[in-house]
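**Q** Using only what follows, build the 3D model:
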Amino acid sequence: KDLEYKALQSQINSHFITTTLNAIRWLAIIQKATNIKEIIDAFSRLLKSTWQVMEHDTTIEKELSNVQDYLFIQQITHSYNCEIFYDVAPDLMNAPCAKFILQPLVENAYFHGIAPKGGVGTICISCQPEANHRIRIQVTDDGVGMDQETQASVLHSPENGNRFNGIGISNIHQRLRLKYGEEYGISIESEPGSYTRITVV
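**A** Got it, this is the predicted structure:
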């Protein structure tokens, strides 16, 4: 398990680093703006979170902070045309959870759901308590959706990594089952041309 977490935390896509640093360079040349510091700060926090050594758990609050930093960078480097809505129970902010389970889901929602559709899309992030100290996290997008075959591939293929850190949905699903038990993990609900909802327990 320690080796798996070490491998997970060491994964980051060099293309994303290059693209982000290039965006910072052009911001410096063209805008001479103070938001250069803000994008560097956001990126540094993401790197620190990704590379932090051997901390298997984090909190819902830190997971949400990773998402916000990630989205801030993407809005500048990719001109995200997407609205984000949060529905998070306040008493869950300090709740412990497995590390790096939320940002990859949001990234997949945008790049595989919203972006292919074109136009403006929405992503809704929900974190709610359930019985027996369980937490239900849902990421819902109104993008292109997916058929049953694609859903199965996304959930079970280790090659479905995302752009930022190589962590695919199947990686998250397997880690949750390994950490908490077979009844935990990810489920996918989707309708082609309409929406996708990923639920994490």
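
**Q** give me the low-pLDDT residue ranges for the protein?
**A** Within the chain, the stretches with pLDDT under 70 are 1, 3-15, 17-18, 21-22, 34, 48-56, 79-80, 158-167.

**Q** Try it again at 50.
**A** Across the chain, the ranges flagged by pLDDT under 50 are 53, 164.

**Q** for it, which strand is longest?
**A** strand 121-129 (DSSP state E).

**Q** Adjacent strands (with direction) for that one?
**A** With DSSP bridges as the test, strand 121-129 is paired with strand 82-88 (parallel), strand 135-141 (antiparallel).

**Q** Not counting the helix or strand following the first one itself, show me its contacts.
**A** Of the helices and strands lying after strand 82-88 in sequence (DSSP states H and E), the nearest is strand 96-98. Applying C-beta atoms under 8 Å, 6 or more residues apart in numbering, the external contacts of strand 96-98 come out as 56-60, 63, 135, 137, 172, 175-176, 179-180. To be clear about C-beta, it is placed using only N, CA and C from the backbone, and glycine gets the same treatment.

**Q** who does strand 96-98 pair up with?
**A** Paired with strand 96-98 in the same sheet, following DSSP bridges, are strand 57-59 (antiparallel).

**Q** Give the other helices and strands that the next helix or strand after the strand it pairs with contacts.
**A** Scanning forward in sequence from strand 57-59 by DSSP H and E, the next helix or strand is helix 60-77. Applying 3 or more C-beta pairs under 8 Å, 6 or more residues apart in numbering; DSSP states H and E, one finds that helix 60-77 contacts helix 14-30, helix 35-51, strand 82-88, helix 103-109, strand 121-129.

**Q** and helix 60-77, which residues are buried?
**A** 60, 62-67, 69-74, 76-77 (16 or more other C-beta atoms under 10 Å).

**Q** same check, this time on stretch 194-201
**A** Buried residues in stretch 194-201, defined by neighbour count with 16+ other C-beta under 10 Å: Tyr195, Thr196, Arg197, Ile198, Thr199, Val200.

**Q** quick one: which of those residues sit in strands?
**A** Filtering the buried residues of stretch 194-201 for strands - DSSP E - leaves Tyr195, Thr196, Arg197, Ile198, Thr199, Val200.

**Q** about what we covered before: just give me the closest of the buried residues of helix 60-77 to Gln31.
**A** Ile76 (10.4 Å; C-beta to C-beta).
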